[in-house]
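Chemist: Based on what follows, work out the 3D shape:
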Amino acid sequence: MKSTPQCSIIIISYNHYDDTTGPCLQSLRADPTKFEIIVVDNNSDEQTRQSLQQASVDDPRIKLILNPTNTGYAGGNNIGVSHSTAPLLILLNSDTRVLPDSIPYLIGLMNKHPEWSMLGPISNQSGNDQQIHTTASTPEKILAEGDHWCRHSTGFHYATDVVHFFCVMIRKKVYSQLNGLDEEFGLGYYEDIDFNYRATKSGLQLMITEDAFIYHRGSGSFPKNCSEVRKMVKRNKRLFRQKQGHGIIAAHWRIKNIDALERYADASPAEFNSVDLRFKFRNRYTLAKQLIPNSPLKKFFYFRRLKQVKTRFIAAFQHY
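Modeler: Alright, predicted model coming up:
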């Protein structure tokens, strides 16, 4: 009798196997954790499908679902979740790669905190406060930087109003409670924002941990600067506002990054290693200097707040 896996990882595949889904699955193969991997292919080319079939032979944890049509990001994930058997879900973008310890750590945290409904890791590419500063240009070296960060982060988790879906852990009962992702958003964009909005509106607890890192290439499913993508984004933004009103008003990435700096300044030296906090503060402070607003007025207040938080941090840890 097969026992229930600890987690179901859902990956949506659409072409470009060697650049996206292939490396993602390869990184998961290095993790011996007892999870199931559900790959939903959205009617890719024959070469991609053949590669997926071979991958499912190489790793018995993989369940492969070959859709006859492209059901989009929301539809693909909803299909994957319907085939899942674990109480915890991870929606994982195909253009990601994982560190061997990241998935087990996320599972452990969710098991330890039953009050948490959704959990996200940090990354090199997310466009919100989940993103840290990295300098490398290859996935392998970026993963090494992420691993180095995690070695300087222990027990640092915080509440949020938005978890980006490049990698998000969700309790399956919560996914069902919110009726999954809204398939009206079509191929992609804004279905994750909509899900976050509905989750926060329902009073669910969304969390980010700085102790787990996932590499994210970005734009793995859609090409950048494509007119069709711009049309999709515009359409789905309008659809989201029609459904939810103005919807979630999340703070800008640069503001959330300063919020993170303030959390380090407020951290207790007795609870968190001061060397680790200094490392993380320097990293995010470097990122902060790259996120300067264009407006002169916004720039003035931004730099004033940045200076204030740096002064607070130095004062708090000058004796440690």
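Chemist: how far does stretch 50-69 sit from the chain's center?
Modeler: 23 Å (C-alpha atoms, centre = their mean, to the nearest Å).
Chemist: Name every strand pairing with the strand ranked longest in the chain and say which way it goes.
Modeler: Looking across the chain with DSSP state E, the single longest strand is strand 206-216. With DSSP bridges as the test, strand 206-216 is paired with strand 96-98 (antiparallel), strand 118-123 (parallel), strand 157-160 (antiparallel).
Chemist: for it, what is the average pLDDT?
Modeler: Averaged across strand 206-216, pLDDT comes to 98.
Chemist: rewinding a little: reformat the strands paired with strand 206-216 as CSV; add mean pLDDT, distance to His246 and mean neighbour count.
Modeler: Every residue, glycine included, has its C-beta placed from N, CA and C. Converted to CSV, the strands paired with strand 206-216 look like this (pLDDT from 0 to 100; distance: least, C-beta to C-beta, whole Å; neighbours: other C-beta atoms under 10 Å):
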stretch, mean pLDDT, distance to His246, mean neighbour count
strand 96-98, 98, 31, 24
strand 118-123, 98, 22, 26
strand 157-160, 96, 19, 15
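Chemist: doesn't Leu91 make contact with Ser8?
Modeler: No: applying C-beta atoms under 8 Å, one finds Ser8 not in contact with Leu91, separated by 9.8 Å.
Chemist: Now the element after the helix or strand of the chain with the lowest mean pLDDT, going C-ward?
Modeler: For the chain, counting by mean pLDDT, DSSP states H and E, helix 227-244 ranks last in confidence among helices and strands (a mean of 87). For helix 227-244, the following helix or strand on the C-terminal side (DSSP states H and E) is helix 253-266.
Chemist: which strands and helices sit next to that next one?
Modeler: When contacts are defined as 3 or more C-beta pairs under 8 Å, 6 or more residues apart in numbering; DSSP states H and E, helix 253-266 sits against helix 274-288, helix 296-317.
Chemist: Tell me which of those helices sits most buried.
Modeler: Most buried of the helices and strands packed on helix 253-266 by mean neighbour count (mean count of other C-beta atoms under 10 Å) is helix 274-288; its value is a mean of 18.
Chemist: any chance of the strands paired with strand 206-216 in TSV, with distance to Leu109 too?
Modeler: Rendered in TSV, the data for these read as follows (distance: least, C-beta to C-beta, whole Å):
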stretch	distance to Leu109
strand 96-98	15
strand 118-123	6
strand 157-160	7
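Chemist: out of these, which comes closest to Leu287?
Modeler: Among the strands paired with strand 206-216, strand 118-123 comes nearest to Leu287, with 11.5 Å by C-beta to C-beta.
Chemist: how much does that closest one deviate in direction from helix 253-266?
Modeler: 90 degrees (axes from the mean of the first three to the mean of the last three C-alpha atoms, to 10 degrees).
Chemist: low pLDDT regions in the stretch 101-250 of the chain?
Modeler: 219-225, 247-249 (pLDDT under 70).
Chemist: Show me what the helix or strand where Val57 lies is packed against.
Modeler: Using DSSP H and E, the element containing Val57 is helix 46-58. With contacts defined as 3+ C-beta pairs under 8 Å, 6+ apart, helix 46-58 has these neighbours: helix 21-29, strand 35-41, strand 62-66.
Chemist: Quick one: closest of those to Gln308.
Modeler: Comparing those by C-beta to C-beta, helix 21-29 comes nearest, at 40.1 Å.
Chemist: list the helices and strands the closest one packs on?
Modeler: Here helix 21-29 touches strand 7-13, strand 35-41, helix 46-58, strand 96-98, going by 3+ C-beta pairs under 8 Å, 6+ apart.
Chemist: and with 10 Å instead?
Modeler: Contacts defined by 3 or more C-beta pairs under 10 Å, 6 or more residues apart in numbering; DSSP states H and E place helix 21-29 against strand 7-13, strand 35-41, helix 46-58, strand 62-66, strand 96-98, helix 102-112, helix 139-151, strand 206-216.
Chemist: Output the third one as PDB, nothing but the C-alphas.
Modeler: What it means is helix 46-58. Extracted in PDB, the C-alpha atoms of helix 46-58 (Å, rounded to 0.1, in the frame of the first residue of the first chain):
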ATOM      1  CA  GLU A  46       6.200  16.500 -29.800                       C
ATOM      2  CA  GLN A  47       9.800  16.900 -28.800                       C
ATOM      3  CA  THR A  48       8.800  18.300 -25.400                       C
ATOM      4  CA  ARG A  49       6.200  15.600 -24.800                       C
ATOM      5  CA  GLN A  50       8.700  12.900 -25.600                       C
ATOM      6  CA  SER A  51      11.200  14.400 -23.200                       C
ATOM      7  CA  LEU A  52       8.500  14.600 -20.500                       C
ATOM      8  CA  GLN A  53       7.700  11.000 -21.000                       C
ATOM      9  CA  GLN A  54      11.300  10.000 -20.600                       C
ATOM     10  CA  ALA A  55      11.600  12.200 -17.400                       C
ATOM     11  CA  SER A  56       8.600  10.400 -15.900                       C
ATOM     12  CA  VAL A  57      10.400   7.100 -16.600                       C
ATOM     13  CA  ASP A  58      13.600   8.400 -14.900                       C
END
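Chemist: Perfect, that will be all.
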